[in-house]
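**Q** The following block contains a protein sequence and its predicted model.
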Amino acid sequence: MGFFDKFFSKDKKEDLDKGLEKTKEGFFGKLSRAVAGKSTVDEEVLDELESILISGDVGLDTTVKIIERIEARVSRDKYVNTGELNEILRDEIVALLAENNTADVDDYTVPQGKKPYVMLVIGVNGVGKTTTIGKLAYQLKQKGYKIVLGAADTYRAAAVDQLKIWADRVGCDFYSKGMNADPAAVAFETTRFALENNCDIAIIDTAGRLHNKSHLMQELGKIHRSIDKNLPGAPHDVLLVLDASTGQNAQEQARHFTEVAPITCLALTKLDGTAKGGVAISISDQFKIPIRYIGVGESIDKLQIFNKRAFVESLFGDKKLN
């Protein structure tokens, strides 16, 4: 049984391949030109590779780490030809992604003994936060979980309405106090609703905070404390949603959010619309926070569990450099 036979359906693999197509084409196009006419991985090839990784939004620090590992491999093996370079890159990227404790799974099951399981979802406006919540609720509903969505983004009427539309579409419960309500109070009461109505999972939306707006960022602490007051130990997950198409700006957002919130997992959206998929490698390496979900399309079933091996296999495929 092959890797994808075990972990991925054919449709999921096709979705992932398509979602990473722009990143793959841009990266391999540049890499192929860099090694054209070369037979060995020398200093010039490594310099070109460094530039390609940085331009692909892998980030400077992570790029340096990858280059150093490849240099060590070349030094150890004495002779590495350019045809082996993509295989070496594949190995090193998988190793980096493994360091953030991301498990290679095709599914996510809510841990036993935590009911209701509370997820707090954060991120700036425009990253696809509410849409990600809706798609996630759809997946969990398909597994038989009873879910409530809490509308703690009370600054925009459109945010409350959008979440309500998703709840209706998915067929799950919805809790709201309308616009201008205290977000922490909404989070508290959503948790209480989940307890009183025997919900398995509560997913709480929050305002699209800008990471440079300190008062909004500080409010996250208040929301977190209100949930814990109602259900000690909750929220069990704090999911940060990032737009992969913003490249290194997504990494900067992650940096600011990790300073004020105990983020437990990440979701990267809009991978299908960008050539900047390398940011997944950078964010994973720099913050050691597991990437749990990736968005590879607009439809309701195009939110995938992130699987590092599947991601790298899809990114590299069967392409050869020479």
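**A** The structure has been received and is ready for your questions.

**Q** can you tell me the average pLDDT over stretch 238-251?
**A** On average, the pLDDT along stretch 238-251 is 91.

**Q** Same question for stretch 161-171.
**A** The average pLDDT for stretch 161-171 rounds to 97.

**Q** for stretch 52-59, same thing?
**A** Across stretch 52-59, pLDDT averages out at 87.

**Q** need the strands for the stretch 151-300 of the chain, in chain order.
**A** Along the stretch 151-300 of the chain, counting by DSSP state E, counting those that start in this stretch, strands occupy 173-175, 201-206, 237-243, 265-269, 291-295.

**Q** how close does residue 80 get to residue 33?
**A** Relative to residue 33, residue 80 is positioned 19 Å away (criterion: Cβ to Cβ, to the nearest Å). Using the backbone N, CA and C atoms, a C-beta is placed for each residue, glycine as well.

**Q** Among these two, which residue is more densely surrounded?
**A** Between residue 80 and residue 33, counting by other Cβ atoms under 10 Å, residue 80 is the more crowded of the two (19 against 11).

**Q** Which residues are in contact with that one?
**A** Residues near residue 80 by Cβ atoms under 8 Å, 6 or more residues apart in numbering: 40-41, 73-74, 88.

**Q** quick one: residue 234 and residue 118 touch, right?
**A** Yes. Residue 234 lies in contact with residue 118 (Cβ atoms under 8 Å); the separation is 4.0 Å.

**Q** Report the set of residues contacting both of these two.
**A** 191, 227.

**Q** Those two: which has the busier surroundings?
**A** For residue 234 versus residue 118, neighbours defined as other Cβ under 10 Å are more numerous around residue 118 (27 against 22).

**Q** Pretty sure that one sits in a helix.
**A** No. Applying DSSP: H, G, I helix; E, B strand; the rest coil, one finds residue 118 to be strand, outside a helix.

**Q** OK, contacts around it?
**A** 191, 194, 201-202, 204, 227, 231, 234-237.

**Q** follow-up on the earlier one: can you put the strands of the stretch 151-300 of the chain in a markdown table and add distance to residue 155 and mean neighbour count?
**A** Formatted as a markdown table, the strands of the stretch 151-300 of the chain follow (distance: least, Cβ to Cβ, whole Å; neighbours: other Cβ atoms under 10 Å):
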| stretch | distance to residue 155 | mean neighbour count |
| --- | --- | --- |
| strand 173-175 | 17 | 20 |
| strand 201-206 | 10 | 28 |
| strand 237-243 | 17 | 24 |
| strand 265-269 | 21 | 25 |
| strand 291-295 | 24 | 23 |
